[in-house]
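In: Based on what follows, work out the 3D shape:
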Amino acid sequence: MGLIDFFSREKKETLDQGLDKTKRGLFGKIAHAIAGKSTIDDDVLDNLEEVFITSDVGVDTTLKILDRIQARVARDKYVGTGELNDLLCDEITQMLVDNNNADAADFTVPEGKRPYVIMVVGVNGVGKTTTIGKLAYQFKKAGNKVVLGAADTYRAAADEQLEIWGQRVDVPVIKHQMGTDPASVAFDACQSAVAQNADVVIIDTAGRLHNNVNLMRQLTKIKDVMRKVLPEAPHEVLLVLDGSTGQNAFEQAKQFVAATEVNALAVTKLDGTAKGGVVIGISDQFQIPVKYIGLGEGMDHLQVFRKTEFVKSLFGK
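Out: Residues are numbered from 1 along each chain as shown. Below you'll find the model as predicted:
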């Protein structure tokens, strides 16, 4: 087995293990939905609606899935319940592909965008700082020089938490005293990244959402100050969501998307929940790509989200 094959297999095993609770819950519900049925009829479709809604896929996405299944059954004339898993896998994959959000490349920096600035947003408790540490690890493993900026200056010990990750990953962390203007930390982090000829700079921000106006003002100030150093910064505004909160993750996404220029999503903590179906709904409903998924505690357990691989793993293919 070649080295690339080994790492591909390792990633697949991590994905399969990370989605285990969701898969077990989903398969159990689908088995119940088709119990005693040989064909996919209206009763099965009604039961499937409940399956996906209770699996946190979301109402709108669930209805889209059912429309696709109905159309497929009508086209194929006869579809047995034994074919349902394959049918769902195919149609959900195609639905996500049809959204035209391309899968991200593996922790690479786009040409002509060095240092590549990622501003990370999200409420406290979603795994934001941990995600930043894992991102730093993955980018460094891919051969990039990384700088972290501790611009969450209001939460007690936030900078210490990020510094611990910096030490674990062996990347520098730019921080100021607690209560310092977050924009000044972001400015210094960008300056340091330029001085060190870094490839990536990742900026942590305050994990609060008091109201959209205050959030917009603070994040806009951070962006404006960074642009004094790097005119295109931030290249990426990454919103981190906790997958284990199910529909609450949807609501957080709606609020942040309304308040900020989010252009990438990360969904964390999928390994400890049966609510992994939320990734399908979020990927479908927002015109913003899910870029990363968190599948465990290990530094290698943050993966690039690939639609086809995710859905195939979910349905055991």
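In: what's the burial count for residue 9?
Out: 11 (other Cβ atoms under 10 Å). Where C-beta positions appear, they are placed from N, C-alpha and C, glycine not excepted.
In: Check the one 4 residues further on too.
Out: The local packing of residue 13 (other Cβ under 10 Å) involves 11 other residues.
In: Tell me the spacing between it and residue 109.
Out: Separation of residue 13 from residue 109 (Cβ to Cβ, to the nearest Å) stands at 27 Å.
In: repeat for residue 145
Out: Taking Cβ to Cβ as the measure, residue 145 falls 10 Å from residue 109.
In: Repeat that for residue 36.
Out: Taking Cβ to Cβ, one finds residue 36 at 54 Å from residue 109.
In: One more: residue 295?
Out: In this view, residue 295 and residue 109 are 23 Å apart by Cβ to Cβ.
In: give me every residue that touches residue 57.
Out: 65, 277, 278, 280, 281 (Cβ atoms under 8 Å, 6 or more residues apart in numbering).
In: And it, how close does it get to residue 88?
Out: 11 Å.
In: Are there residues contacting both of these two? Which ones?
Out: Common neighbours of residue 57 and residue 88 (Cβ under 8 Å, 6+ apart) are residue 65.
In: would you list every one of the helices in the stretch 201-317 of the chain?
Out: 212-226, 247-259, 278-285, 307-314 (DSSP state H, counting those that start in this stretch).
In: Which positions are bridged to the most centrally placed residue in the chain in the beta structure?
Out: Nearest to the mean C-alpha position of the chain, by Cα atoms, centre = their mean, lies residue 266 at 2.0 Å. Beta-bridge partners for residue 266, by DSSP bridges, are residue 240, residue 292.
In: Give me the pLDDT for it.
Out: In this model, residue 266 is scored at 96, pLDDT.
In: hang on, residue 105 in a helix?
Out: No - applying DSSP: H, G, I helix; E, B strand; the rest coil, one finds residue 105 to be coil, outside a helix.
In: what about it, how many neighbours?
Out: So residue 105, with other Cβ under 10 Å, has 11 neighbours.
In: quick one: contacts for it?
Out: Residue 105 makes contacts with residue 304, as judged by Cβ under 8 Å, 6+ apart.
In: quick one on the thing from earlier: could you check which of residue 36 and residue 109 has the larger neighbour count?
Out: Between residue 36 and residue 109, counting by other Cβ under 10 Å, residue 109 is the more crowded of the two (17 against 6).
In: these two touch, right, that one and residue 138?
Out: No - if you go by Cβ atoms under 8 Å, residue 109 and residue 138 don't touch, sitting 11.9 Å apart.
In: Now the common contact residues for those two.
Out: Shared contacts of residue 109 and residue 138 (Cβ under 8 Å, 6+ apart): none.
In: re the thing from before, in a markdown table: the helices of the stretch 201-317 of the chain, plus mean pLDDT.
Out: Listed next are the helices of the stretch 201-317 of the chain as a markdown table, based on pLDDT from 0 to 100:
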| stretch | mean pLDDT |
| --- | --- |
| helix 212-226 | 84 |
| helix 247-259 | 86 |
| helix 278-285 | 91 |
| helix 307-314 | 92 |
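In: would you turn those helices into JSON lines with distance to residue 188?
Out: JSON lines is the format used below for these (distance: least, Cβ to Cβ, whole Å):
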{"stretch": "helix 212-226", "distance to residue 188": "10"}
{"stretch": "helix 247-259", "distance to residue 188": "25"}
{"stretch": "helix 278-285", "distance to residue 188": "33"}
{"stretch": "helix 307-314", "distance to residue 188": "38"}
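In: Buried deepest among the ones you listed, which one?
Out: Ranked by mean neighbour count under mean count of other Cβ atoms under 10 Å, the helices of the stretch 201-317 of the chain are led by helix 278-285, which reaches a mean of 24.
In: which residues of this structure score low on pLDDT?
Out: 1-7, 78-79, 209-213 (pLDDT under 70).
In: now with 50?
Out: 1-4, 6-7 (pLDDT under 50).
In: where exactly do the strands run in it?
Out: 116-121, 146-150, 173-174, 200-204, 236-242, 264-268, 290-294, 302-304 (DSSP state E).
In: For my notes, please list these in JSON lines and give distance to residue 41 for each entry.
Out: Shown next, in JSON lines, are those (distance: least, Cβ to Cβ, whole Å):
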{"stretch": "strand 116-121", "distance to residue 41": "45"}
{"stretch": "strand 146-150", "distance to residue 41": "54"}
{"stretch": "strand 173-174", "distance to residue 41": "59"}
{"stretch": "strand 200-204", "distance to residue 41": "51"}
{"stretch": "strand 236-242", "distance to residue 41": "36"}
{"stretch": "strand 264-268", "distance to residue 41": "34"}
{"stretch": "strand 290-294", "distance to residue 41": "33"}
{"stretch": "strand 302-304", "distance to residue 41": "38"}
